[in-house]
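Colleague: Kindly generate the corresponding structure for this input.
(chains A and B)
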Protein chains: 2
Amino acid sequence: MSTPDATLLKDFATLSAFGATSGGGVDRQAATAADGEQRAWLHQWLTARGAEVRYDGVGNQFGLFTVIPGAPYVLTGSHLDSQPLGGRYDGAYGVLASAHAAHRAVQRWNASDGTPRHNVAVVNWFNEEGSRFKPSMMGSAVFTGKLPAETALTTTDPTGTTVEAALREIGTIGDYPGPDVAAYAEIHIEQGRDLENKGLNIGLVDATWAARKYQVVVRGEQSHTGSTVMADRRDALLGASLLVVAVRELAEESTDIPLHTSVSEMTILPNSPVVVAREVRMHVDLRSPDEALLDAAAKRLAESIPGIEERASVTIGQVQTHGWGVAAFPATGVELAAQAADELSLSHQTMMTIAGHDSVNMKDIAPSIMLFVPSVEGISHNEGELTDDTDISAGTDLLTEVVHRLMSGALD
Amino acid sequence: MSTPDATLLKDFATLSAFGATSGGGVDRQAATAADGEQRAWLHQWLTARGAEVRYDGVGNQFGLFTVIPGAPYVLTGSHLDSQPLGGRYDGAYGVLASAHAAHRAVQRWNASDGTPRHNVAVVNWFNEEGSRFKPSMMGSAVFTGKLPAETALTTTDPTGTTVEAALREIGTIGDYPGPDVAAYAEIHIEQGRDLENKGLNIGLVDATWAARKYQVVVRGEQSHTGSTVMADRRDALLGASLLVVAVRELAEESTDIPLHTSVSEMTILPNSPVVVAREVRMHVDLRSPDEALLDAAAKRLAESIPGIEERASVTIGQVQTHGWGVAAFPATGVELAAQAADELSLSHQTMMTIAGHDSVNMKDIAPSIMLFVPSVEGISHNEGELTDDTDISAGTDLLTEVVHRLMSGALD
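Modeller: Model prediction:
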């Protein structure tokens, strides 16, 4: 491994200042002022290095390095938006590494006698996190035809602001249809501790875990927390709490194959200390590398609902809003990245991604490569998120090599 | 029982239009625009009937009918503020009945040869509900010296607006120190179904249930809902949910003596669908007519906490914020009201109040009488709250008689 690249680290420090929090993280949810500032900075960075920056109709930001006019583009990127009190690395590292990798690859082609088959473009996908506007992975979902642009643009945040209004506010919405994509590459922090535990430099993602996401509505009835006799209560928050516990028990019961389950958001109505809740809306998230296990867990969860409805005197409605199956990234891409890592003397393994990434959308429309660098202690969606500078730098070196090879048409 | 008083019912319909909701209820939380409108209406109503309207430093609204200058006042009232999507009767009925009763009592004294010993004043206590600003019963708590005015005025709502700023916004804050109180009378809907079940017209409150209210903070750590392995999670929402269930179990286990328990409000941080919650703040409410049982329940709850902390890998802090013991209303007041009810041929029983009322504060500084009228099906803190017109009218007749007797110095 080479020594850390000082220019890259300096740029990462600059980027990390946008929306910086006192706890060492960042808070720059999609299309907030902080997101606008970092987008403007990236715009300037790309333009200064010869790229043309364009925005599509849902705020995806593209930096086009055009070497061969008219040729398709190798697209590389990730997302700059973060969770509330999120970490500095999640998404942002991938965008910055992509910007450096694309710029370096172009310089290498320019300095060589060869000619690439493809151009390269950097992308900063809009709203990968899905905290302010749901669902997550929104920009890449629209780009890959999985979500209508109109649906995305009319989505509102909790205060009623639409995606379109928020994007116009920060000025990063346009009419660029997006480049013709020859291949896609993304690098991201692992958000787990497997690479760290094994002392490896790089994860080569060969498949995704499956995920199922549900919106659940628990309906009870408002009453007085003091005077209403217990037998008369139809307590939506009790029903919701029983469901949170049932969701955790699914994971606790699954000892052989991993099953990750969670509820992390609730909207409680009216959320008054002296009024029994009439309604709770919540999201349930189930993930596993085994689709059959996931289906069985979803079935067990559904079976637990009548008992909860009876105990809390509520009704529970459940709708699957979003999800994806176990799906492979192309083996040729994994092989290309493995060879590049070997040449750079970076240790590596293949692994699955548990978290969703924009590459999970992109792999369905173009040959895609997804790379991981280690996360210290696996901490993520937390201000304490950390990846060592050497890993930051090594990952960018590998992405540069991967992008360079893709530009030559290696996966065509 | 007499036929319903058309003037009273017309005034009640007018009052019910402020903050009216499509579901037949009202939404007029403390010091909102709707609260300001109804206060202005009451101000005008009282002034038109010869009362002088004054505001104290925490927004309590007084309508002074002064018959004997310099004499103390019989105070009668309740609160106009409501829960979000609350009912039309809770509090508002008591204020309107008090306004009518005070006015009628003064007319009776004026038409008679006698002279009262005391004047009468109507009061609309600020923020009895405690949904926008906590704690509940705020205005009467300050008036009775249980809560410093400064603490009340600097209390903020969820958007950071202080009580003082909100009161100045609606213009109902002043420097009136409040009247010298000879006695206090309040009428309220029962918010339970005991009177309805027994076919009785009036409840004479002889004591309060005890209540204990706790603020609980569950602290975990933010992490990724997808990628973080289950064993690494410190899920504050799981801890909070286990506690909600434990709180309900306290009530389920108490079969001989009633114990009402609830959690109806949570603040979840960061409340994102893909971030394990780092913190949940919640309120726990325990009530019983038996203080020893309540103490035992609080002890059992405290004992359940270490197990919850371990299961969810969280820490839980609990502070009692508010509460009151089983406390009697004076027997002489109950007797006075019983005699008045008998004269009006209204059936009655003595009973305890489970809900807190401003009278629970007032009884500690003045001889106080608390009356209940039936609630249809006991429904309260709900748009469907209902009391029959005949009960509305009969309760006001009784309150008039009670106020008239108190003005003669019956409880001095």
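Colleague: how about the helix or strand harbouring residue A:249 against chain B, any contact?
Modeller: Assessed by DSSP states H and E, residue A:249 sits inside helix A:236-253. Yes - judged by Cβ under 8 Å from any Cβ of the partner chain, helix A:236-253 comes into contact with chain B through A:237, A:238, A:240, A:241, A:242, A:244, A:245, A:248, A:251, A:252. From N, CA and C alone the C-beta is placed, and that goes for glycine too.
Colleague: could I get the helix or strand just after that helix in PDB with only the CA atoms?
Modeller: Sequence order places strand A:260-269 as the next helix or strand after helix A:236-253, per DSSP H and E. Extracted in PDB, the C-alpha atoms of strand A:260-269 (Å, rounded to 0.1, in the frame of the first residue of the first chain):
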ATOM      1  CA  HIS A 260     -31.300  -8.100  10.800                       C
ATOM      2  CA  THR A 261     -34.600  -6.500  12.000                       C
ATOM      3  CA  SER A 262     -35.400  -3.000  13.200                       C
ATOM      4  CA  VAL A 263     -37.900  -0.300  13.900                       C
ATOM      5  CA  SER A 264     -36.300   3.100  14.200                       C
ATOM      6  CA  GLU A 265     -39.000   5.600  13.300                       C
ATOM      7  CA  MET A 266     -42.500   6.200  14.600                       C
ATOM      8  CA  THR A 267     -45.000   9.000  14.100                       C
ATOM      9  CA  ILE A 268     -47.300   9.000  17.200                       C
ATOM     10  CA  LEU A 269     -50.600  10.800  17.100                       C
END
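Colleague: Specify the angle between strand A:260-269 and helix B:236-253 in degrees.
Modeller: Orientation of strand A:260-269 against helix B:236-253 (axes from the mean of the first three to the mean of the last three Cα atoms, to 10 degrees) gives an angle of 70 degrees.
Colleague: what is the rounded mean pLDDT of strand A:260-269?
Modeller: For strand A:260-269, mean pLDDT rounds to 96.
Colleague: Tell me the buried residues in it?
Modeller: A:260, A:261, A:262, A:263, A:264, A:265, A:266, A:268, A:269 (16 or more other Cβ atoms under 10 Å in any protein chain shown).
Colleague: What strands flank that strand, and is each parallel or antiparallel?
Modeller: strand A:279-288 (antiparallel) (DSSP bridges).
Colleague: from what I can see residue A:94 touches residue A:80, true?
Modeller: No - if you go by Cβ atoms under 8 Å, residue A:94 and residue A:80 don't touch, sitting 9.1 Å apart.
Colleague: Show me which helix or strand of chain A is least confident by mean pLDDT.
Modeller: strand A:315-324 (a mean of 88; mean pLDDT, DSSP states H and E).
Colleague: Which secondary structure elements does that one sit against?
Modeller: strand A:210-219, helix A:291-312 (3 or more Cβ pairs under 8 Å, 6 or more residues apart in numbering or on different chains; DSSP states H and E).
Colleague: Paired strands for the very next helix or strand once past the shortest one, with orientation please.
Modeller: Past strand A:210-219, further along toward the C-terminus, the next helix or strand under DSSP H and E is strand A:223-224. In the sheet containing strand A:223-224, its partner strands are strand A:275-276 (antiparallel), by DSSP bridges.
Colleague: who touches the strand it pairs with?
Modeller: With contact meaning Cβ atoms under 8 Å, 6 or more residues apart in numbering or on different chains, strand A:275-276 is reached by A:220-225, A:228, A:233-237, B:83-84, B:86, B:131, B:262, B:264, B:381.
Colleague: please redo it, this time with the cut-off set to 6 Å
Modeller: Applying Cβ atoms under 6 Å, 6 or more residues apart in numbering or on different chains, the contact partners of strand A:275-276 are A:222, A:223, A:225, A:233, A:235, B:83, B:264, B:381.
Colleague: so where does the spatially closest residue to residue A:188 that is not a sequence neighbour fall, helix or strand?
Modeller: Excluding its sequence neighbours, the residue lying closest to residue A:188 (Cβ to Cβ, 6 or more residues apart in numbering or on different chains) is residue A:94, at 5.0 Å. Here residue A:94 is covered by helix A:92-111, with elements defined by DSSP H and E.
Colleague: pLDDT of stretch A:291-307, averaged?
Modeller: On average, the pLDDT along stretch A:291-307 is 96.
Colleague: Are it and chain B in contact anywhere?
Modeller: No - Stretch A:291-307 is not in contact with chain B by Cβ under 6 Å from any Cβ of the partner chain; minimum separation 12.6 Å.
Colleague: okay, now the domains of chain A?
Modeller: A:6-209+A:326-407, A:210-324 (automatic domain parsing).
Colleague: circling back to that earlier point, show me what contacts the residue nearest to residue A:188?
Modeller: A:78, A:186, A:187, A:188.
Colleague: nearest to residue B:98, of those?
Modeller: residue A:78 (64.6 Å; Cβ to Cβ).
Colleague: Neighbours of the closest one, how many?
Modeller: 28 (other Cβ atoms under 10 Å in any protein chain shown).
Colleague: isn't it right next to residue A:186, touching?
Modeller: Yes - between residue A:78 and residue A:186 a contact is recorded at 5.3 Å, counting by Cβ atoms under 6 Å.
Colleague: which non-adjacent residue is nearest residue A:397?
Modeller: Per Cβ to Cβ, 6+ apart, closest to residue A:397 is residue A:344, 5.7 Å.
Colleague: neighbours around the closest residue to residue A:409 other than its chain neighbours, how many?
Modeller: The shortest distance from residue A:409 to any non-neighbouring residue, by Cβ to Cβ, 6+ apart, is to residue A:117 (3.7 Å). As a burial measure, residue A:117 scores 17 neighbours (other Cβ under 10 Å).
Colleague: separation between residue A:117 and chain B?
Modeller: 35 Å (Cβ to the nearest Cβ, to the nearest Å).
Colleague: quick one: buried residues of the strand or helix carrying residue A:44?
Modeller: Using DSSP H and E, residue A:44 falls within helix A:33-48. Buried residues in helix A:33-48, counted by 16+ other Cβ under 10 Å: A:34, A:35, A:36, A:38, A:39, A:41, A:42, A:43, A:45, A:46.
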